[in-house]
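1. Sequence and predicted structure are below.
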Amino acid sequence: MSTILQVIISILGMTGIMYCLYFMKNKRYSFTARVLTGLALGIIYGAVLQSIYGVDSVVIKQANGWFDIISTGYVRLLKMIVIPLVFVSITSSVINQNSNNLGKMAGLIIGVLIATTAISALVGVGSANYFDLNAKGMEIGESESQRSEYLESKLEDYKSKPIQKQIVEIIPTNPFYSMTGQGSSSTLSVVVFAAFIAIAVLGLKRKKPESAEFFISMINSLHDVVMRLVTLILRLTPYGVTALMTKFISTSNYSEILRLLNFVLASYIAIIIMFIIHLIIITFIGLNPITYIKKVIHVLIFAFTSRTSAGTLPLNVEAQKDKLGVDEGYANLSASLGTSIGQNGCAGIYPAMLAVMIAPVVGINPMDPVFLIKLVIVTSLSSFGIAGVGGGATFAALTVLSAMGLPVGLVGLLIAIEPLIDMARTALNVSGSMVAGLVSSKIMNKIDMDLYNS
């Protein structure tokens with residue numbers, strides 16, 4: 001059978017799956033049920049493709065090129081709406097609140113994000129120690145060596161920007177440039193700009209109420225349009241999840257995963273424990289954790305399959321506001337800040353595990369109390385400082401390892417399993433931001449309990 005015919009058959013198979021999801025929609029299956037079905041079908045179809053053609057097959061490569069129209073297209077649509085959503089949501093939220101509450105709201109949210117990151121670092125340390133992770137016995141191949149060289153070069157770039165400068169760079173010199181999504185801290189820069197615009201409008205209410213009312217009306221109308229656009233895009237989630245999962249499973253190298261199975265297991269155990277801690281925190285503030293899971297499962301599934309906290313932001317806001325009953329201002333701010341600050345998975349668990357794994361290579365006892373205290377403090381603070389350089393796991397690892405005096409090049413050893421563990425890390429990041437929104441809004445009595453419990 002020719003390659004072209006095999007690719008066409010693969011595409012027809014995906015088309016059939018898409019029709020199945022569309023059929024479920026017409027039969028009024030719940031949104032969560034369709035997302036879970038898409039996830040399952042994506043896993044099965046990806047496994048079938050790889051078992052038939054092999055991981056390095058031209059057929060899989062070409063078929064995934066077509067599947068990208070759905071998967072990458074959907075992720076790009078979500079990213080397209082992130083900046084407009086952040087701007088109008090933050091602006092409208094602050095306009096409709098007392099400006100004195102803005103500092104309390106931001107302080108609470110950031111506090112929860114950083115506190116949960118400190119906890120996640122301890123969980124990462126515990127998991128790495130339990131599984132006895134050690135970089136000494138790990139082999140370095142060509143791809144790992146190249147990755148190590150890349151990280152070493154990134155470290156030099158990073159050292160040229162101290163944390164103070166990275167934080168200052170969150171304040172935009174050209175807000176319209178930040179609104180294009182360019183720059184490592186564009187989302188946070190838009191948050192800062194939107195907050196200042198809103199505070200200015202609140203001040204204008206006293207001196208020029210007509211101008212303030214006109215602007216408020218314009219922002220509210222724009223907010224309604226953007227939220228309608230978000231709703232339209234979110235309807236495509238089941239299809240995007242299916243295509244994303246199919247591509248991941250069909251291109252995963254299982255032999256490489258097995259080679260580093262210990263680290264994969266340790267990572268997932270740590271992430272699961274941290275998810276449980278999230279549920280304990282939710283229970284502690286008087287909310288039902290089962291309700292939380294039911295209402296946000298589709299958000300976590302998309303974060304898992306897409307590996308993008310920023311791309312998940314529209315789903316995050318929608319779930320907090322419309323399903324969990326979180327006040328709009330708290331939902332918008334926690335989701336926006338959570339894309340770059342206090343990421344429990346990428347900036348908490350991951351760097352801490354790497355530090356414990358790499359420390360013995362340079363003769364340091366990773367369980368030494370002084371080392372552990374320093375690691376938790378550095379990890380917590382770096383989860384905020386990392387915001388200025390994008391907030392990714394790689395930068396988090398660079399920050400923590402360099403601050404601890406550990407070699408960063410050994411991170412390249414994990415290149416083969418990076419996508420697999422990054423999926424769960426991203427889901428944990430998003431859960432952390434939603435927990436921050438829930439906790440802060442509950443403390444400030446800004447949550448609709450009837451909507452949460454409905």
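-> Yep, it's here.
2. use CA for all of it now, contacts and neighbours both
-> Will do.
3. Let's verify residue 170: helix, strand, or coil?
-> With DSSP: H, G, I helix; E, B strand; the rest coil as the basis, the three-state label of residue 170 is coil.
4. ok, now how distant is it from residue 340?
-> 11 Å (CA to CA, to the nearest Å).
5. Show me the shaky parts of the stretch 51-200 of the chain.
-> Along the stretch 51-200 of the chain, segments meeting pLDDT under 70 span 97-100, 136-166, 183-185.
6. ok, which stretches of it are helices?
-> Using DSSP state H, counting those that start in this stretch, the helices assigned to the stretch 51-200 of the chain run over residues 58-95, 100-130, 142-159, 163-168, 175-178, 186-207.
7. Can you tell me the SS state at the residue nearest the centre of the chain?
-> In the chain, the residue lying closest to the centroid (CA atoms, centre = their mean) is residue 309, at 2.4 Å. Three-state call for residue 309 (three-state DSSP): coil.
8. doesn't residue 428 make contact with it?
-> No - assessed by CA atoms under 8 Å, residue 309 is found out of contact with residue 428, at 9.6 Å.
9. how about the helices of the stretch 51-200 of the chain in TSV, adding mean neighbour count?
-> Shown next, in TSV, are the helices of the stretch 51-200 of the chain (neighbours: other CA atoms under 10 Å):
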stretch	mean neighbour count
helix 58-95	21
helix 100-130	21
helix 142-159	16
helix 163-168	15
helix 175-178	16
helix 186-207	20
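10. And these: which comes nearest residue 432?
-> Closest to residue 432 of the helices of the stretch 51-200 of the chain, according to CA to CA: helix 100-130, at 6.8 Å.
11. by contact count, what packs against the closest one?
-> On a contact count with 3 or more CA pairs under 8 Å, 6 or more residues apart in numbering; DSSP states H and E, helix 100-130 meets helix 261-284, helix 328-337, helix 350-358, helix 369-385, helix 418-443.
12. So which elements touch the second one?
-> Yep, that's helix 328-337 we're talking about. Looks like helix 328-337 contacts helix 58-95, helix 100-130, helix 186-207, helix 313-322, helix 418-443 (3+ CA pairs under 8 Å, 6+ apart).
13. tell me what the fourth one is packed against?
-> Translated: helix 313-322. Using 3+ CA pairs under 8 Å, 6+ apart, the elements in contact with helix 313-322 are helix 58-95, helix 289-306, helix 328-337, helix 418-443.
14. CA atoms only: put it into PDB for me.
-> Below are the C-alpha coordinates for helix 313-322, written out as PDB (Å, rounded to 0.1, in the frame of the first residue of the first chain):
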ATOM      1  CA  LEU A 313      -6.200  30.800  30.400                       C
ATOM      2  CA  PRO A 314      -9.600  31.300  28.700                       C
ATOM      3  CA  LEU A 315     -10.900  27.900  29.900                       C
ATOM      4  CA  ASN A 316      -9.500  28.700  33.400                       C
ATOM      5  CA  VAL A 317     -11.300  32.000  33.700                       C
ATOM      6  CA  GLU A 318     -14.500  30.500  32.300                       C
ATOM      7  CA  ALA A 319     -14.500  27.600  34.800                       C
ATOM      8  CA  GLN A 320     -13.700  29.800  37.800                       C
ATOM      9  CA  LYS A 321     -16.300  32.400  36.900                       C
ATOM     10  CA  ASP A 322     -19.200  30.400  35.500                       C
END
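15. Just the angle for it relative to helix 289-306, thanks.
-> Interaxial angle, helix 313-322 versus helix 289-306 (axes from the mean of the first three to the mean of the last three CA atoms, to 10 degrees): 170 degrees.
16. pLDDT of helix 313-322, averaged?
-> Taken as a whole, helix 313-322 has an average pLDDT of 91.
17. who's in contact with it?
-> With contact meaning CA atoms under 8 Å, 6 or more residues apart in numbering, helix 313-322 is reached by 78, 81-82, 85, 230, 234, 295-296, 299, 326-328, 331-332, 335-336, 339, 430, 434, 437-438, 451.
18. Now restrict those to buried residues only.
-> Neighbour counting with 16 or more other CA atoms under 10 Å marks 78, 81-82, 85, 230, 234, 295-296, 299, 326-328, 331-332, 335-336, 339, 430, 434, 437-438 as buried within the contacts of helix 313-322.
19. hang on, the earlier thing: nearest to residue 406, out of the helices and strands packed on helix 100-130?
-> Short answer: helix 350-358, nearest of the helices and strands packed on helix 100-130 by CA to CA, at 7.1 Å.
20. roughly how far out does the closest one sit from the chain middle?
-> In terms of CA atoms, centre = their mean, to the nearest Å, the centre of helix 350-358 is set 20 Å apart from its chain centre.
21. Name the residues that touch that helix?
-> Here helix 350-358 has contacts from 121-122, 124-125, 127-129, 133-136, 267, 366-367, 375-376, 379, 393, 396-397, 400-401, 404, 406-407, 410-411, using CA under 8 Å, 6+ apart.
22. rewinding a little: of residue 170 and residue 340, which one has the most company?
-> Set residue 170 next to residue 340 and count neighbours by other CA atoms under 10 Å: residue 340 wins out with 27 against 23.
23. and residue 101, which of the helices and strands packed on helix 100-130 is closest to it?
-> helix 328-337 (10.3 Å).
24. How many neighbouring residues does residue 244 have?
-> By the criterion of other CA under 10 Å, residue 244 has 28 neighbours.
25. pLDDT weak spots in the stretch 301-450 of the chain?
-> Counting by pLDDT under 70, the stretch 301-450 of the chain shows low-confidence ranges at 385-392, 409-413, 415-416.
26. possible to save the helices of the stretch 51-200 of the chain as CSV with distance to residue 17?
-> Formatted as CSV, the helices of the stretch 51-200 of the chain follow (distance: least, CA to CA, whole Å):
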stretch, distance to residue 17
helix 58-95, 12
helix 100-130, 38
helix 142-159, 35
helix 163-168, 45
helix 175-178, 38
helix 186-207, 35
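27. out of those, which comes closest to residue 217?
-> With CA to CA as the criterion, residue 217 lies closest to helix 58-95 of these, at 9.6 Å.
28. Can you pull the phi/psi pair for the nearest residue in space to residue 67 that is not next to it in sequence?
-> In this structure, residue 67 finds its nearest non-sequential neighbour in residue 243, 6.0 Å apart by CA to CA, 6 or more residues apart in numbering. Main-chain torsions, residue 243, degrees, to the nearest 10: phi -70, psi -40.
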